[in-house]
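> I'll drop the sequence and a predicted model, then ask my questions.
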Amino acid sequence: MALLIDDLPDQAGVSRLTIVQAKQLLYRRPGKAKQFLQRAFAPIEDLAHDLGAGESLKDMREALIETGAFSTEQVDRIEAASSASPSAGVISEAPVVICIPGMQLHGDWSLNLEVDCLIVDGDLSVDGTLEIAHSLDDGSVIVLGSLNAHNMTCEGWLVVCGDLAVHHVHAGSGNDCAMLIAGNLSARSVIETGQEIFVAGNVHAEAIAMFQNELTVGGQMQCPHYAPDWRTPGVVTWFDSGMMDESAFQDDDGSTVLAPYPSDDYVERLATGASPLSRNHL
């Protein structure tokens, strides 16, 4: 699987942005897109604010020593104590925010885990599988145009200012992030296992199964097979054999209930570019 951004054939349009530059690029978007962008980019800004506290101390280092009030050893101890404090918020490097132009990519692609925020300034099209995941739970991918992919797995913040069109998508970030679509969503199947999904426009899909969070749709939804939660009967019949395991859920009365839940084979099926849907029932 090729790596975004390292394996791009043309690195000429790849640039690293400061937080200020990224905000100037993002927040000029109108309406719902701007709201989504602000929400998804907030964790990156928080990282920058934490960095600022540490950088301020470093900037003061020479001034403190020059006054004669503190020795080099004393300043070293102050910095060490600050770094060890859970509330200090000191990190070693600024958030990595990378901007690339809109492009068409062939094959399967995965996001570089060292990138905290990837901004695509235009449309992104991937004719294979696209994996969106981060080493940080608060990482984000922001597409300022539309996003098209064959299959997709999403484990972080995703904002699409245009439309999202995929064959099959798995959304699951451990309930830490959200998928925010300012346009329309079209897919054959969507399975959610830990990620809120907001669509400002319309939704058109064959099957949507929400296991842990809600799907919020601003426009119209056309989906003949829709499971709003894990209690929906018959959801296992929508998918091929082996795509669902049994998992324990806690019901409203506190009792433990066994119900279908996507299996490891389902995740592997999407990675190969194949369909998880049952041919007999859909």
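Perfect, I can see it now. What you see is a predicted model, and the numbers here were worked out from it, not measured in a lab.

> ranges for the helices of the stretch 51-200 of the chain?
When secondary structure is read from DSSP state H, counting those that start in this stretch, the stretch 51-200 of the chain shows helices at 72-84.

> helix/strand/coil for residue 38?
Local secondary structure at residue 38 is given as helix here, using DSSP: H, G, I helix; E, B strand; the rest coil.

> what's the answer for residue 269, then?
Applying three-state DSSP: residue 269 is helix.

> Could you do residue 279 as well?
Taken by three-state DSSP, the conformation at residue 279 corresponds to coil.

> Give me the neighbour count for the nearest residue to residue 128 once chain neighbours are set aside.
Distances taken as Cβ to Cβ, 6 or more residues apart in numbering put residue 108 closest to residue 128, at 4.0 Å, once the chain neighbours are dropped. Where you see a C-beta, it was placed from the backbone N, CA and C, and this is true even at glycine. Neighbours of residue 108 under the rule other Cβ atoms under 10 Å: 19.

> The one 10 residues further on too?
For residue 118, the neighbour count with other Cβ under 10 Å is 23.

> And the one 5 residues further on, by the same measure?
Other residues within reach of residue 123, judged by other Cβ under 10 Å, total 19.

> hang on, it packs against residue 147?
Yes: the pair formed by residue 123 and residue 147 meets the contact definition of Cβ atoms under 8 Å, at 7.4 Å.

> Name the residues contacting each of the two.
Taking Cβ atoms under 8 Å, 6 or more residues apart in numbering as the contact rule, residue 123 and residue 147 both touch residue 162.

> How about residue 110, nearest residue that isn't a chain neighbour?
Among residues not flanking residue 110 along the chain, residue 131 sits closest, at 4.0 Å (Cβ to Cβ, 6+ apart).

> beta partners of the closest residue in space to residue 270 that isn't next to it in sequence?
Excluding the flanking residues, the one nearest residue 270 by Cβ to Cβ, 6+ apart is residue 151, at 4.6 Å. Counting by DSSP bridges, residue 151 forms beta bridges with residue 129, residue 168.

> Could you do residue 4 as well?
residue 111.

> how close does it get to residue 170?
To residue 170, residue 4 is 18 Å away according to Cβ to Cβ, to the nearest Å.

> And for residue 143?
Using Cβ to Cβ, residue 143 is found at 18 Å from residue 170.

> Check residue 194 too.
Counting by Cβ to Cβ, the gap from residue 194 to residue 170 is 10 Å.

> So which of these two has more stuff around it?
More neighbours surround residue 170 than the other of residue 194 and residue 170, with 23 against 15 (other Cβ under 10 Å).

> Now for the spatially closest residue to that one that is not a sequence neighbour: which residues touch it?
The spatial neighbour of residue 170 that comes closest, neighbours along the chain excluded (Cβ to Cβ, 6+ apart), is residue 153 at 4.7 Å. Residues counted as contacts of residue 153 (Cβ under 8 Å, 6+ apart) are 129, 130, 131, 132, 133, 169, 170, 172, 267, 270, 271.

> residues touching the nearest residue to residue 118 once chain neighbours are set aside, list them.
Spatial nearest neighbour of residue 118, excluding adjacent residues (Cβ to Cβ, 6+ apart): residue 141 at 4.9 Å. By Cβ under 8 Å, 6+ apart, residue 141 lies in contact with 111, 117, 118, 120, 132, 156, 157, 158, 159.
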